[in-house]
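In: what shape does this take:
(one chain, ligands or ions: 2)
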Amino acid sequence: MAHILVIGAGRSADALIDYLAKAVQTYQWKMTVADVSTDLLTQKLAPYPHVKTLVFDIYNHSQATETIAKVDMVVSLLPASLHAEVAKYCLIHQKHLLTASYLSEEIKAMAKDVEEAGLIFLNEIGLDPGIDHMSAMQMIDEIKSQNGNIVSFKSYTGGLVAPEYDNNPWHYKFTWNPRNVILAGKGGTAQYIENGQYKYIPYHQLFNQTDSLEVEGLGKFETYANRDSLKYRELYGLDHIPTMLRGTLRGDGYCSAWAVLVSLGLTSDDFEVDTKGMTYRTFTEAFFPETSAQSTVDKLASFIGKSADHEIIQKIAWAGLLDDIPIPVKGSPAFILQHLLEQKWKLEDNDKDMIVMQHQFEYQLTNQTKYAKTSDLVVLGDENHTAMAKTVGLPLAIAAKLILLGKINLKGVFIPTLKEIYAPVMAELLQLGIEFKERQTQLA
Ligand SMILES: NC(=O)c1ccc[n+]([C@@H]2O[C@H](COP(=O)([O-])OP(=O)(O)OC[C@H]3O[C@@H](n4cnc5c(N)ncnc54)[C@H](O)[C@@H]3O)[C@@H](O)[C@H]2O)c1
Ligand SMILES: N[C@@H](CCCCN[C@@H](CCC(=O)O)C(=O)O)C(=O)O
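Out: Ligands and ions are numbered 1, 2, ... in the order given. Below is the predicted model:
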């Protein structure tokens with residue numbers, strides 16, 4: 001009887017738990033959900049009495065050894081930095097591993113051992129990364145099957161708030177691990193290629209060098225470059241493509257206001273602020289350069305070179321960063337900002353979120369005809385699950401099921417760019433309502 005261990009019952013885990021809890025009944029498998037938080041487990045697993053819960057810390061060596069040794073497959077929905085720890089146990093105890101996270105160098109280095117052990121460590125099978133790779137590969141393989149030469153590929157994803165519930169000036173609410181949202185872009189210089197020219201955007205410029213795009217029925221969004229797009233050229237079989245970019249979508253005005261927080265240093269995570277006696281206003285002021293301006297608003301206006309009623313200042317004020325409210329936590333500027341924004345950008349119980357993904361292709365057929373093809377995905381949260389939990393959890397859960405059923409039979413470390421993985425997963429996602437809408441136009 002196969003036994004699945006899910007580690008991490010946080011924001012992105014709900015739809016996966018629901019899907020796998022049903023699958024284990026169908027196939028008479030066993031399932032355990034483990035997390036450090038007793039409250040989360042009690043609250044989230046109450047509807048599934050047949051699923052075992054375990055208060056668990058991956059850093060507890062004897063507990064991790066005993067728990068992972070007993071199962072057949074581990075699905076890790078821990079914060080991304082902890083997957084490598086899980087992977088070590090999976091390799092020692094010969095268990096399959098799935099994550100929705102970017103493939104780390106540590107896990108990549110295990111590839112040979114994983115293959116020799118007859119295991120699969122499948123990473124990047126969530127939304128972005130995940131559905132973006134799988135849907136892109138579906139389209140790339142289809143265009144290639146017509147002998148099309150792809151000259152441009154851009155792909156954008158945003159985890160956003162649904163328009164009806166968009167009631168703050170940032171047009172954003174947290175739907176997944178907030179720390180990662182605060183630290184977005186900090187992992188390294190964003191890289192992509194445009195018309196054959198390499199582009200490098202360091203973190204301090206990331207939210208200044210933005211673009212915009214239109215999604216039918218939803219209007220305009222801002223975009224910023226997402227990590228290293230260059231490495232996906234080879235992984236997508238587009239080695240010589242002159243334009244390739246993966247980007248993130250945000251609502252109007254988000255990036256320019258976030259760029260100010262970045263340039264002030266409020267997303268720094270490398271030192272601790274002594275918050276004793278400090279309010280959010282004095283905390284923010286501590287990052288301003290010397291100025292003759294008197295009020296905090298005027299100092300901020302002088303820093304950004306805009307008028308005191310500019311929308312950037314309105315956003316920063318709305319966030320509470322200019323309030324004379326004592327800071328109740330200690331930590332890095334990023335931690336303090338996260339603590340504040342977790343209150344301001346909270347997805348309330350009745351709020352619904354929205355995932356928007358857009359792929360843009362340009363390609364040429366052998367008869368020299370050029371086409372532009374756009375493919376849009378819009379997924380809304382519902383009363384059961386956020387759109388983020390659906391789009392992260394369902395691909396992971398479907399892949400876990402297909403591996404245990406022997407329908408995905410690859411051995412080694414993978415991301416879901418191979419047809420053996422993306423075709424069955426995308427087919428089932430379509431049945432579950434995750435459907436892209438394509439448009440094609442002939443170019444002059
Ligand atoms: N590919 C994608 O599109 C995508 C999207 C969202 C999230 N993710 C990834 O999925 C993972 C889960 O994201 P999330 O939004 O649910 O995050 P989350 O912060 O809401 O959940 C993480 C969970 O891990 C638990 N945890 C933390 N430390 C632990 C430890 N030492 N031992 C055991 N449990 C521990 C926490 O209690 C929490 O419940 C993250 O790695 C995130 O980066 C990927
Ligand atoms: N780029 C979008 C969607 C992000 C979904 C989360 N993906 C994580 C994956 C991190 C990981 O677990 O390795 C990310 O940071 O991009 C947006 O920001 O709105």
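In: identify the residues contacting the one residue in the stretch 101-250 of the chain that gets nearest to ligand 1.
Out: Of the residues in the stretch 101-250 of the chain, the one nearest ligand 1 is residue 126, at a distance of 2.6 Å by C-beta to the nearest ligand atom. Glycine gets a C-beta too; all of them are placed from N, C-alpha and C. Each residue near residue 126 by C-beta atoms under 8 Å, 6 or more residues apart in numbering is listed here: 12, 100, 101, 391, 392, 393, 395, 396.
In: biggest separation within the residues you listed, which pair?
Out: Taking C-beta to C-beta as the measure, those reach their widest spread between 101 and 391, a distance of 14.5 Å.
In: between those two, which is the more surrounded one?
Out: residue 391 (28 against 23; other C-beta atoms under 10 Å).
In: wasn't that one part of a helix?
Out: Yes - Residue 391 forms part of a helix when assessed by DSSP: H, G, I helix; E, B strand; the rest coil.
In: correct me, but it touches residue 433?
Out: No - Residue 391 is not in contact with residue 433 according to C-beta atoms under 8 Å; the separation is 10.8 Å.
In: now do the shared contacts for the two.
Out: Once C-beta under 8 Å, 6+ apart is applied, the residues that residue 391 and residue 433 both contact turn out to be residue 379.
In: filter the contacts of residue 126 by proximity to ligand 1?
Out: When contact is defined as C-beta under 6 Å from any ligand atom, the contacts of residue 126 meet ligand 1 at 12, 100, 101, 392.
In: I'd guessed the third one sits against residue 124; true?
Out: Spelled out, it's residue 101. Yes - using C-beta under 8 Å, residue 101 is in contact with residue 124, at 7.0 Å.
In: who are the contact partners of residue 439?
Out: By C-beta under 8 Å, 6+ apart, the residues touching residue 439 are 373, 374, 375.
In: and it, what element?
Out: With elements delineated by DSSP states H and E, residue 439 resides in strand 437-443, which encompasses its position.
In: can you check residue 199 too?
Out: Residue 199 is part of strand 197-201, with elements assigned from DSSP H and E.
In: which residues are contacting that strand?
Out: For strand 197-201, the surrounding residues in contact (C-beta under 8 Å, 6+ apart) are 189, 190, 191, 192, 193, 209, 225, 230.
In: quick check: closest non-adjacent residue to residue 95.
Out: Closest residue in space to residue 95, ignoring its immediate chain neighbours: residue 74 at 5.5 Å, by C-beta to C-beta, 6 or more residues apart in numbering.
In: and the pLDDT at residue 69?
Out: What the model reports as pLDDT for residue 69 is 98.
In: can you check residue 409 too?
Out: 97.
In: so how many other residues sit close to it?
Out: Other residues within reach of residue 409, judged by other C-beta under 10 Å, total 10.
In: helix, strand, or coil at it?
Out: coil.
In: and the gap between it and residue 304?
Out: Using C-beta to C-beta, to the nearest Å, one obtains 56 Å as the distance from residue 409 to residue 304.
In: what do you get for residue 23?
Out: According to C-beta to C-beta, residue 23 and residue 304 sit 52 Å apart.
In: point out the residues in the stretch 101-250 of the chain that sit beside ligand 1.
Out: Counting by C-beta under 6 Å from any ligand atom, the positions of the stretch 101-250 of the chain adjacent to ligand 1 are 101, 126, 127, 128, 129, 130, 176, 177, 180.
In: show me the contacts for the nearest residue to the third one once chain neighbours are set aside.
Out: What that stands for is residue 127. Residue nearest to residue 127 in three dimensions, not counting chain neighbours: residue 391, with 4.0 Å by C-beta to C-beta, 6+ apart. Under the criterion of C-beta under 8 Å, 6+ apart, the contact partners of residue 391 comprise 126, 127, 130, 131, 355, 379, 434.
In: wait, doesn't the fifth one sit right on residue 389?
Out: No - under the criterion of C-beta under 8 Å, residue 355 is not in contact with residue 389, lying 10.2 Å apart.
In: how many residues are close by residue 308?
Out: Close neighbours of residue 308, defined as other C-beta under 10 Å, add up to 14.
In: correction: the previous question concerned residue 442.
Out: Residue 442 has 8 neighbours, counted by other C-beta under 10 Å.
In: touching, it and residue 369? I think so.
Out: Yes - Residue 442 lies in contact with residue 369 (C-beta under 8 Å); the separation is 6.4 Å.
In: now this protein against ligand 1: closest residue?
Out: Proximity of the chain to ligand 1 (C-beta to the nearest ligand atom) peaks at residue 10, 1.9 Å away.
In: ok, that residue to residue 117 distance?
Out: For residue 10, the distance to residue 117 equals 29 Å [C-beta to C-beta].
In: same check, this time on residue 374
Out: From residue 374 across to residue 117, the span is 42 Å (C-beta to C-beta).
In: got the residue ranges for the strands in the stretch 151-300 of the chain?
Out: Secondary structure of the stretch 151-300 of the chain by DSSP state E, counting those that start in this stretch: the strands cover 190-194, 197-201, 211-215, 219-225, 243-250.
In: highest average neighbour count across those?
Out: With neighbours defined as mean count of other C-beta atoms under 10 Å, these peak in mean count at strand 243-250, which reaches a mean of 23.
In: quick one, it and strand 197-201 angle?
Out: 30 degrees (axes from the mean of the first three to the mean of the last three C-alpha atoms, to 10 degrees).
In: just the angle between strand 243-250 and strand 211-215, please?
Out: Strand 243-250 and strand 211-215 meet at an angle of 80 degrees, taking the same axes, to 10 degrees as the criterion.
In: what is residue 4 paired to in the beta sheet?
Out: residue 31, residue 73 (DSSP bridges).
In: quick check: it vs ligand 2, distance?
Out: Residue 4 sits 20 Å away from ligand 2, taking C-beta to the nearest ligand atom, to the nearest Å as the criterion.
In: ditto for residue 385
Out: 15 Å.
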